[in-house]
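Peer 1: Quick one: sequence and predicted model below, then my questions.
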Number of protein chains: 2
Amino acid sequence: MTQTSAQLKEPFIFFFSKEQTDGEASMRNQLGGKGANLAEMSKLGIPVPPGFTISTEVCAAFTANNQKLPEKLKQGVMDSVKKVEAQLNKEFGSSNNPLLFSVRSGARVSMPGMMDTILNLGLNDETVEGLAKVSDNARFAWDSYRRFLQMYSNVVMGMNASFLEVVLEDMKADQGYIEDSELTTKDLQELVEKFKQIILETTGETFPLDPYEQLWGAISAVFLSWDSDRAKTYRKLHSIPADWGTAVNVQSMVFGNLGEDSATGVAFTRNPSTGEKLFYGEYLINAQGEDVVAGIRTPQAISKASAANTEHRSLEEMMPKAYQELVDIYHKLEAHYKDMQDIEFTIEREKLWMLQTRTGKRTAKAAIRIALDMLDEKLISEQEALLRVQPEYLDQLLHPTLDPNAKKTKLTKGLPASPGAASGKVVFDSKEAEEAKANGEKVILVRVETSPEDIAGMVASQGILTSRGGMTSHAAVVARGMGKACVAGCAEAEVDYRKEELRIRSYVIKKGEEITIDGGTGEVFLGAVGTVAPALDERFHRFMQMADKYRSMRVRTNADTAKDAQQARDFGAEGIGLCRTEHMFFAPERIDEVRKMILAESAEERKAALQNLLPMQKQDFLSLFETMQDLPVTIRLLDPPLHEFLPHNEEELLEMAPRLGVPADKLRQKVKSLYEFNPMLGHRGCRLAITYPEIYLMQARAIAEATAEAVKKGMHLVPEIMIPLVATKKELELLRNDVELEIRQVQKETDTKFDYLIGTMIELPRAALTADEIATCADFFSFGTNDLTQTGIGLSRDDAGKFLGSYINMGVFEKDPFVSIDQNGVGHLVRMGVELGRKRKENLKCGVCGEHGGDPSSIDFFQRVGLDYISCSPYRVPIARLAAAQAAILNKGVGN
Amino acid sequence: MTQTSAQLKEPFIFFFSKEQTDGEASMRNQLGGKGANLAEMSKLGIPVPPGFTISTEVCAAFTANNQKLPEKLKQGVMDSVKKVEAQLNKEFGSSNNPLLFSVRSGARVSMPGMMDTILNLGLNDETVEGLAKVSDNARFAWDSYRRFLQMYSNVVMGMNASFLEVVLEDMKADQGYIEDSELTTKDLQELVEKFKQIILETTGETFPLDPYEQLWGAISAVFLSWDSDRAKTYRKLHSIPADWGTAVNVQSMVFGNLGEDSATGVAFTRNPSTGEKLFYGEYLINAQGEDVVAGIRTPQAISKASAANTEHRSLEEMMPKAYQELVDIYHKLEAHYKDMQDIEFTIEREKLWMLQTRTGKRTAKAAIRIALDMLDEKLISEQEALLRVQPEYLDQLLHPTLDPNAKKTKLTKGLPASPGAASGKVVFDSKEAEEAKANGEKVILVRVETSPEDIAGMVASQGILTSRGGMTSHAAVVARGMGKACVAGCAEAEVDYRKEELRIRSYVIKKGEEITIDGGTGEVFLGAVGTVAPALDERFHRFMQMADKYRSMRVRTNADTAKDAQQARDFGAEGIGLCRTEHMFFAPERIDEVRKMILAESAEERKAALQNLLPMQKQDFLSLFETMQDLPVTIRLLDPPLHEFLPHNEEELLEMAPRLGVPADKLRQKVKSLYEFNPMLGHRGCRLAITYPEIYLMQARAIAEATAEAVKKGMHLVPEIMIPLVATKKELELLRNDVELEIRQVQKETDTKFDYLIGTMIELPRAALTADEIATCADFFSFGTNDLTQTGIGLSRDDAGKFLGSYINMGVFEKDPFVSIDQNGVGHLVRMGVELGRKRKENLKCGVCGEHGGDPSSIDFFQRVGLDYISCSPYRVPIARLAAAQAAILNKGVGN
């Protein structure tokens, strides 16, 4: 992919100016983002200081040429400089009317770590006099010169910036100055001399006075910065190919700091926070671009409307002509780019110059409003409007979020286990959480891990913080189900139950003291940080309904309770894709019955204990059916290993044994006998049902009885029963047979008829690999991509935290494979599963119920694979709806 | 696959006799094994009592016909009966000279659970008189009749056999008899009447006196037995399709119990224990076949030579004419079948009749000798000779085995973790094992589980018994490496360290008492059971060398020490396919250094600890290289999670902390921080090296320094470095780069040059799925099918014991997938891995180093997939060599 100098193909320099512009916005790959937009603006007749862009392809030629600029390039640059001189009637290197340049890098995508900017290039001992003359401002000229020396020696010559800063500070101290602006022309002249001397002493090289030599140095520095360590690391992280290269933008300088008739500013064409159609920006009189950002002086609002509440005067009032020109330009740009723009401008002696335009960043709320407004303005189509909002951003709208303006003391960061922000007093015990709730107090439940015993405490809390466990830990899963904020696996948090304190680094938080957690980022803060409540407005609903029009995949939800199911319906879920029956088993009033079932010593005893659970399970299902009405409900039969229901330590055990009426020794023996080295790969899922058929029979009966009752009430219901952890056709065949017999029995007993589906999770590689065999016994497939990721990559989600971070940093995984499906590996298994399954059963219904069902880029993949539906937690339903619409739009004609 | 009566296609009855024989040996599928061989013998002119076989296809027709015999069949049977009558000049149902039949089932493969035999069919109140007349023996006739009543009522009419036995016993008691033979003709006549009465009362049906009715009943009973629960279960277990069906053999009766001129016997054409070419068998004068087997009378040797040492007289002496005829027949049969035969015969009044011939079972030793002898006799080719020996049987020859004649008291059965038999005194502690060894005592180390601390104790023991852990538990893996007997996961064994006793059911074995374990079967016996030592004779070596001629796959070994490597070379290994470096780390004098490395708080500290391990590792590799000389050696870099090296309980921890010079709290903290929920899927293998690069760098250096030293000694060596648990190309790319830099550094330091290969284990589904990507960075692939099975099926080998048994019983898995590769699922991943890898690199070397590398049916699969080599534990090398030869012969033209 490299090319030598000889291979440097014309054109490699693209000029932009009022008279001649070679490039345009679509040439981003060659010109970089900045260069392409400068060309586009020039083309549109918008005033842009003339200049030229050296194409990204030259970057490779530079590397191939031993990191030297090809002669052919130099000749081209000199020709282009001449053209700029002619247009501006200035001369590069002139001591009368000197032309100065800025030199900036610009890759296809914005990329930190690369050289940013060199300003005022072309200044030397002679041209500085010329600049003084034409600006009629000697101090300005010499100040520009000393800034240039500092920038150039650091960026191009690689000198430590502090060496020159020290000299500047010494000078100010000697003279008794506070601000740089107190330096006189003479001071500055003296500094310039000193700077040149120090540069020579430090680098062993003379500071180049020849403007072209300066230019070659700056261009080379841009290219070299493409291969800097920081840039390489960034590319690795973002999978940016090294051969893309960077462009170099060489542009004539304009000055916003030539006096009271000059100014500089940045603006958004609409309000980036609210989306309101209002020109929104800030400017400073007599200043350079960096001053607006630096925050030393307070910038002023551009338009009268937005300046209404401030004492400052707007640009509209101060420079009405330039303002009007700016407004015209912003209208032109929006109409042209059909999106909200983020622009930079400079006014030099009342003349407006545009320095940059790009698509502006915005909040979710603003994104929706801007998309809908532009649709109504007929600027964009519905499809375009839908593609304008990043689905992930919707999350901001669904949970309370931390007030961005609040002051925060960050303590540590754990896993962002369940989004939302929550503040409360720290409690270490679930019972105390319940008591506090009863007293009207808000608490955060802090535990090493949570267990089924903590459910009530979790319900009573604002949020949950655990020091151990991963994204699928009990705390995380249950919290997400509840839509409650949770930070899990917070390794730095030391939980001391005995002393009732939470220690994080040097902080010690005692019981009753407040903390705040942000489950969307995993951050933990000291004290109560203010939050902002969510509000779903009319625009949100209109936008989501538009998304639904374009989707081909159905969006279901993972919900285990009627409350979750209702929440998901409110968010637009079209069914339940995964109801985890074990969460019903964990409920406090039931778990002891489950334990009795586990401790049973015969099939008969087991059946008796299950008999007690039957009416509760039946009621669970009935209320789910009633909530979902005629929407499909997929119920997964018991999945976790039985030891999850037993005590986890001696203390719990001793407390539990008398309650269950069994000797502690027997309970201890049972715990021991159920111990597993790798529970993830152990005796769970359908494996339990093969050895203890009674469990699934009870569940099948509960589903059938609930369905019969619903059917008698007039509902139209086709329950979908899902058998987990199937690895072989035989397992499904045996269990399907058991379940069907039980359902038919119930139908006979209740004298009802109803259809039902029996399907399976595809969550083991072997199941995906033999999906053609398994399909013969399955009415549907639901891909359990959580476990498929764990087994396919051999990666325990609960343990991977220790190294997953470095894995992502080092580029082993592009993204966390538990968040976004590993398309090449695990995704390949999904694809095989769908293809093999449908080879045997043409219309086999296929869906996904792993966490990936709520991840936009995974959803795009599932669209391409041809899934019928995706299922995700209630709070991700809107995200999934939008992502599915985008996937359908973007992959039209691909897949199904 | 079913066919109705109408579809019954001719011919469905196959006659066999001197005059007419319709079938032959090759028609096993239609005639079943027994029927096909009866036909073949008849064809060869060997005297076989005439009869006919109803084909297996009728079995399906019978089922389709509502379990009734099709009329067309009945007609065919009657015609065939007429033919037998004509040939023998007897009449079915005659009261003068009655023809009697035996009716036997016979499927393609011998199948327990199906109806065996009904003898003397055709007897009734009239024909019994005829039989008395022609036999001139009324008692014999009536005794045959009462036996027939007993057999028929039980097998055909489904009556409980004890109902008639009780009557017989009562009669004997009344008369004061001890033996059945004391019953008089009158007694027997009385019994027959009583039997008929009881049959009527119990079953409600009259015993059928009509001979044809008897025959229809018996034939139906055979077909019905094909669908008995026991037969179904057996079919499930052995994957025998239900539609194969069984044949029915109807054969005229001959009697060996008609007096002193009659006899019956069984014989092998060669000695089945030693393989010696010597006619070998036993017979009884005046007896029926079942008497030889029943053991009431002691059978006598057939030939003079084999009877030499007994006081009994041989058939050769007693009936020289019949004997000579038998010898002629056995020569004919061996020449014809070209294999050692197991035959049954009856002599009725000096006339010899053959009742059965089939390939005889034999020991491994005999199998080799017979194969080689027959090759030398030019009866069979080399390929045929090789296919004659089941590879698994070789295991008998490689380990001491329990004396088959010893008296044993079996206590329980665990997992057959490492083959071999061993006896010794029970010890519960490794130190005591070492002391006992020093005192010259033989001990069996009994532990709940073993840990690295037990290595010395294991070395000092004859064998190891653990109550917990699976086939890859520490005990199992280490024992196999040592070639030491081990029974693991023995759930019934309760190990009480405190009381120093081993409790198994009601047995309590105290420390110092003896037990015996058989690691090949998993059995545990009380006391010391005598063993037989292995002896590899000339024939063994000749046979194995012949196997090597035909193999296309190389056979390597999994060995971690020079001792294991030497053992494997002695068994014919052609290199090391897997050297697990962690086993070197577990050595007692090193493990503390490893622990210091783990406890290090910085890369520098870690490097310092590793520095101490470096010279030891280097020496390990050097001695392996020296043992293997120029054969390839594949070294796997560190694989297990670090917590495996840390203490497993508080006691160990408190003992270890002062020795390591760290506070107990720090050690405890480390153990806690390294804890994993699913270590199998955790921070191990190359994941360790990505986070702690120093470990692999030390190992790479040790390998390189050892290679440099070996090269300087004149060896030609290409070390193969294997990086474990790779899931993505990136991991291998990063680590390959690290390792290569270190090797080049050593080459520079030592001024040596040598080639090396860097490859990877393919042991995760993702690696197999993306093998094309990974191949770009790999010089070879070694399939780690143990872990690939665990992740591919989602099945923890250490935990699966709880349900794998029922899974195999229920036919979910045909075989234990950890013993024999799951070809459809896990095997598919191996196939994909090879194909994708070679798509990118045409000649990519691919091997396997999981336990499956020593399993014959897996080896056949690997041959078909096109692997270059297989690697297995030293004691399985001969098995693998033979299995590879057989696979090459059987799959000629398939795969590579």
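Peer 2: Received it, and whenever you're ready, just let me know what you need. Residues are numbered from 1 along each chain as shown, chains lettered A, B, ... in the order given.
Peer 1: out of everything not next to it in sequence, what's closest to A:Thr56?
Peer 2: Setting aside the residues directly before and after it, A:Thr56 is nearest to A:Gly245 in space (Cβ to Cβ, 6 or more residues apart in numbering or on different chains), at 4.0 Å. To be clear about C-beta, it is placed using only N, CA and C from the backbone, and glycine gets the same treatment.
Peer 1: contacting residues around the closest residue to A:Glu441 other than its chain neighbours?
Peer 2: Once flanking residues are discounted, A:Glu441 sits nearest to A:Lys425: 6.1 Å by Cβ to Cβ, 6+ apart. The neighbourhood of A:Lys425, defined by Cβ atoms under 8 Å, 6 or more residues apart in numbering or on different chains, consists of A:Ala436, A:Glu441, A:Lys442, A:Val443, A:Ile444, A:Lys511, A:Gly512, A:Glu513, A:Glu514.
Peer 1: repeat for A:Val222
Peer 2: Here A:Val222 is in contact with A:Val103, A:Arg104, A:Ser105, A:Met114, A:Met115, A:Thr246, A:Val248 (Cβ under 8 Å, 6+ apart).
Peer 1: wait, isn't the residue nearest to A:Thr56 in contact with A:Ala64?
Peer 2: No - the criterion here is Cβ atoms under 8 Å, and A:Gly245 misses it with A:Ala64 at 11.2 Å.
Peer 1: More neighbours: those two, which one.
Peer 2: A:Gly245 (24 against 18; other Cβ atoms under 10 Å in any protein chain shown).
Peer 1: Mind pulling up the pLDDT for the residue nearest to the spatial centre of chain A?
Peer 2: The centre of chain A sits closest to A:Glu392, judged by Cα atoms, centre = their mean, with a distance of 6.4 Å. If you check A:Glu392, the pLDDT there is 85.
Peer 1: Is it correct that it falls within a helix?
Peer 2: Yes - judged by DSSP: H, G, I helix; E, B strand; the rest coil, A:Glu392 forms part of a helix.
Peer 1: And the helices in the stretch 201-350 of chain A, which stretches?
Peer 2: A:211-226, A:229-238, A:289-294, A:304-307, A:315-318, A:320-337 (DSSP state H, counting those that start in this stretch).
Peer 1: would you turn those helices into CSV with mean pLDDT and distance to A:Leu757?
Peer 2: Listed next are the helices of the stretch 201-350 of chain A as CSV, based on pLDDT from 0 to 100; distance: least, Cβ to Cβ, whole Å:
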stretch, mean pLDDT, distance to A:Leu757
helix A:211-226, 95, 56
helix A:229-238, 72, 43
helix A:289-294, 63, 59
helix A:304-307, 72, 58
helix A:315-318, 91, 65
helix A:320-337, 95, 49
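Peer 1: Minimum distance to B:Leu637: which of those has it?
Peer 2: Comparison of these against B:Leu637 by Cβ to Cβ identifies helix A:229-238 as nearest, at 23.9 Å.
Peer 1: Isn't A:Lys484 up against A:Met458?
Peer 2: Yes - using Cβ under 8 Å, A:Lys484 is in contact with A:Met458, at 6.8 Å.
Peer 1: any common contacting residues for those two?
Peer 2: A:Ile464.
Peer 1: Identify the residues contacting A:Met553.
Peer 2: A:Ile859, A:Phe862, A:Gln863, A:Leu867, A:Asp868, A:Tyr869, A:Ile870, A:Ala884, A:Ala887, A:Ala888.
Peer 1: A:Leu795 too?
Peer 2: Per Cβ under 8 Å, 6+ apart, neighbours of A:Leu795: A:Thr789, A:Pro817, B:Leu681, B:Ala727.
Peer 1: quick one, what contacts whichever residue of the stretch 251-400 of chain A sits closest to chain B?
Peer 2: At 24.7 Å from chain B, A:Glu392 is the closest residue in the stretch 251-400 of chain A, using Cβ to the nearest Cβ. Counting by Cβ under 8 Å, 6+ apart, A:Glu392 touches A:Pro856, A:Ile879.
Peer 1: make it 10 Å
Peer 2: Neighbour list for A:Glu392: A:Ala364, A:Gly854, A:Asp855, A:Pro856, A:Ser857, A:Arg876, A:Ile879, A:Leu882, A:Ala883 [criterion: Cβ atoms under 10 Å, 6 or more residues apart in numbering or on different chains].
Peer 1: now, which of the contacts of A:Met553 sits nearest chain B?
Peer 2: Closest to chain B, out of all of the contacts of A:Met553 and judged by Cβ to the nearest Cβ, is A:Phe862, at 17.7 Å.
Peer 1: didn't A:Asn89 look like it was pressed against A:Leu99?
Peer 2: Yes - using Cβ atoms under 10 Å, A:Asn89 is in contact with A:Leu99, at 9.3 Å.
Peer 1: Fine, thanks again, bye for now.
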